[in-house]
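Asks: task: produce atomic coordinates for the following.
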Amino acid sequence: MVLLSPRPVTGTRKMEYKGSSWHETCFICHRCQQPIGTKSFIPKDGQNFCVPCYERQYALQCVQCKKPITSGGVTYREQPWHRECFVCTACKKPLSGQRFTSRDEFAYCLGCFCDLYAKKCAGCASPISG
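Replies: Numbering: from 1, shown residues only. Alright, predicted model coming up:
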């Protein structure tokens, strides 16, 4: 992400980036065509994008919440997730960085998986895990 510092010019502000200069109102997002001004922007392939447009166009979208993943996501079954969105199907505790398993395409922490699907001991009725 890049943040420009404007330089005052008579009647308008001058924006400078990589050796080029623009009027403040001419330095625009390639996608939405709105002035970037002094807001943060992201250059990509020779074009400049405001942060929301860059995220909509290029950032991976979390399969759970459908919002852009800007850093630190996880991949499960070849799909991107935010770390905080990748949770146990049963108890909703985060699974990122934890041991987990799945059944019928759903991810479970080991405790929930054992409680729900492991065979139960005939003597004590507790799940048999191993």
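
Asks: how about stretch 116-130: buried residues?
Replies: residue 127 (16 or more other CB atoms under 10 Å). Just so you know, the C-beta spots here come from the backbone N, C-alpha and C atoms, and that holds for glycine as well.

Asks: report the mean confidence score over it.
Replies: For stretch 116-130, the mean per-residue pLDDT is 83.

Asks: stretch 14-33 now?
Replies: For stretch 14-33, mean pLDDT is 86.

Asks: and the helices in this protein?
Replies: 51-58, 110-117 (DSSP state H).

Asks: now for the last one, which elements pack on it?
Replies: Here helix 110-117 is seen to pack against strand 100-103 when contacts are counted using 3 or more CB pairs under 8 Å, 6 or more residues apart in numbering; DSSP states H and E.

Asks: so what's residue 125 up against?
Replies: By CB atoms under 8 Å, 6 or more residues apart in numbering, the contact list for residue 125 is empty.

Asks: follow-up on the earlier one: would you reformat the helices of the chain as CSV and include distance to residue 23?
Replies: Shown next, in CSV, are the helices of the chain (distance: least, CB to CB, whole Å):
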stretch, distance to residue 23
helix 51-58, 20
helix 110-117, 58
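
Asks: distance from the chain centre to stretch 94-114, please.
Replies: 21 Å (CA atoms, centre = their mean, to the nearest Å).

Asks: excluding chain neighbours, what is closest to residue 48?
Replies: Excluding the flanking residues, the one nearest residue 48 by CB to CB, 6 or more residues apart in numbering is residue 41, at 5.0 Å.

Asks: quick one: the one you found and residue 29 touch, right?
Replies: Yes - contact criterion CB atoms under 8 Å: residue 41 and residue 29 qualify, at 7.1 Å.

Asks: what residues do the two have in common as contacts?
Replies: Common neighbours of residue 41 and residue 29 (CB under 8 Å, 6+ apart) are 48, 49, 50.

Asks: where's the first one relative to residue 71, distance?
Replies: Which is residue 48. Plainly put, residue 48 is 21 Å away from residue 71 if you go by CB to CB, to the nearest Å.

Asks: show me which of those two is the more surrounded one.
Replies: A direct count of neighbours by other CB atoms under 10 Å for residue 48 and residue 71 places residue 48 higher, at 21 against 7.
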